[in-house]
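Colleague: sequence-free structure coming up:
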Ligand code: LHQ
């Protein structure tokens with residue numbers, strides 16, 4: 001149910017239950033959790049691309065498997081066991097992550113895309129905070145990520161109505177970083193991925209942490225945190241060799257040291 005590929009420092013994880021638009025079963029969630037852990041451990045991997053096979057990116061929780069065992073299901077325990085560790089790990093991964101949005105995105109599938117650092121979507125992709133349509137509330141981080149990305153007003157609009165947001169609106173709202181024709185989706189995604197994979201890993205990690213910190217703290221705290229991170233970055237071999245490469249008019253090679 002999950003495909004995992006690794007090449008040139010880029011790991012691609014693809015949800016592969018196309019007949020359900022990649023709905024998340026327990027098995028798929030467990031595999032996804034393992035895949036993210038593997039990416040975290042593997043020093044050779046510098047970027048993660050998350051995508052879906054078929055015409056959907058991810059339709060959220062598999063409602064069939066959830067419905068088939070009523071009574072035995074404890075939603076709180078289910079979220080604690082599968083979704084929360086996955087979303088935390090994905091969001092705090094020390095390497096850049098890209099959601100390559102190949103099609104429709106709904107419910108917790110949208111939370112997954114939101115937990116990534118970038119979203120590159122193919123034309124025709126659409127986005128729904130579908131939870132409300134089945135009498136539920138946004139989960140798996142949507143209440144956290146969505147207002148930060150598109151603002152409280154649009155987040156409320158999506159969450160309260162569950163409406164489908166089309167590709168152009170998603171771009172206009174800043175829900176996605178890029179919108180490309182379907183046939184250019186992989187090219188655009190891997191161009192960005194290669195770029196990031198060639199970047200300075202220590203700095204990229206600190207940048208992710210710095211922006212996350214700055215988004216929820218005051219200026220004086222952010223300045224202090226930037227200083228701490230800059231001290232760490234400035235000590236890296238990558239920084240020193242990049243400054244040297246700059247004066248030699250060469251392209252720097254970043255080794256993660
Ligand atoms: C599906 C699903 C699906 C199973 C499409 N499951 N089969 C967390 C913890 C615990 C419990 C509950 O929830 C959560 C968080 C959540 O994620 S709640 C939100 C769950 N997701 C949804 O409510 C979205 C349900 N899907 C849809 O609204 C539509 O399928 C979308 C808008 C995604 C796409 O619509 P269409 O393009 O018209 O496709 P479709 O509806 O015809 O779906 C294609 C097939 O995929 C269809 O099966 P069939 O056998 O008729 O071809 C669907 O039943 C199946 N499918 N989503 N989540």
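Modeller: Received, thanks. Keep in mind that this is a model prediction, so the values were computed, not measured.

Colleague: What are the structural domain limits within this structure?
Modeller: What automatic domain parsing lists as the domains of the chain is 2-197, 201-247.

Colleague: Now do the same contact list for the residue in the stretch 101-250 of the chain that the ligand sits nearest to.
Modeller: Going by Cβ to the nearest ligand atom, the ligand is nearest to residue 107 of the stretch 101-250 of the chain, at 2.6 Å. In this view, the C-beta of every residue, glycine as well, is placed from N, C-alpha and C. Shown in contact with residue 107 (Cβ atoms under 8 Å, 6 or more residues apart in numbering): 59-61, 128-131.

Colleague: and if we set it to 10 Å?
Modeller: When contacts are counted by Cβ atoms under 10 Å, 6 or more residues apart in numbering, residue 107 touches 23-24, 58-61, 63, 128-134, 136, 138-140, 142, 162.

Colleague: Look up phi and psi at it.
Modeller: Taking degrees, to the nearest 10, you get phi 50, psi -130 for the backbone angles of residue 107.

Colleague: Might you report the residue contacts of the nearest residue to it once chain neighbours are set aside?
Modeller: Nearest residue to residue 107, sequence neighbours excluded (Cβ to Cβ, 6 or more residues apart in numbering): residue 60, at 2.5 Å. By Cβ under 10 Å, 6+ apart, the residues touching residue 60 are 21-24, 105-112, 128-131, 134, 136, 139-140.

Colleague: Same question for residue 230.
Modeller: 203, 206, 210, 239.

Colleague: from the residues you listed, which two are the most distant?
Modeller: 210 and 239 (15.3 Å; Cβ to Cβ).

Colleague: Residue 86 versus residue 169, what's the distance?
Modeller: With the distance defined as Cβ to Cβ, to the nearest Å, residue 169 ends up 27 Å from residue 86.

Colleague: Comparing the two, which residue is more hemmed in?
Modeller: The residue with more neighbours, out of residue 169 and residue 86, is residue 86; 25 against 15, by other Cβ atoms under 10 Å.

Colleague: So the more buried one, which state does it fall into?
Modeller: helix (DSSP: H, G, I helix; E, B strand; the rest coil).

Colleague: Residue 36 is in contact with that one, correct?
Modeller: Yes. Residue 86 is in contact with residue 36 according to Cβ atoms under 10 Å; the separation is 6.6 Å.

Colleague: Burial check on residue 31, number of neighbours?
Modeller: Residue 31 has 18 nearby residues by other Cβ under 10 Å.

Colleague: Wasn't it part of a helix?
Modeller: Yes. With three-state DSSP as the criterion, residue 31 is assigned to a helix.

Colleague: Verify the stated contact: it with residue 14.
Modeller: No. Residue 31 is beyond contact range of residue 14, at 11.1 Å (criterion: Cβ under 10 Å).

Colleague: Can you point out the buried residues in the worst-scoring helix or strand of the chain on mean pLDDT?
Modeller: Here the helix or strand of the chain ranked lowest by mean pLDDT, DSSP states H and E is helix 63-68, holding a mean of 85. Residues 65-66 are the ones in helix 63-68 that count as buried (16 or more other Cβ atoms under 10 Å).
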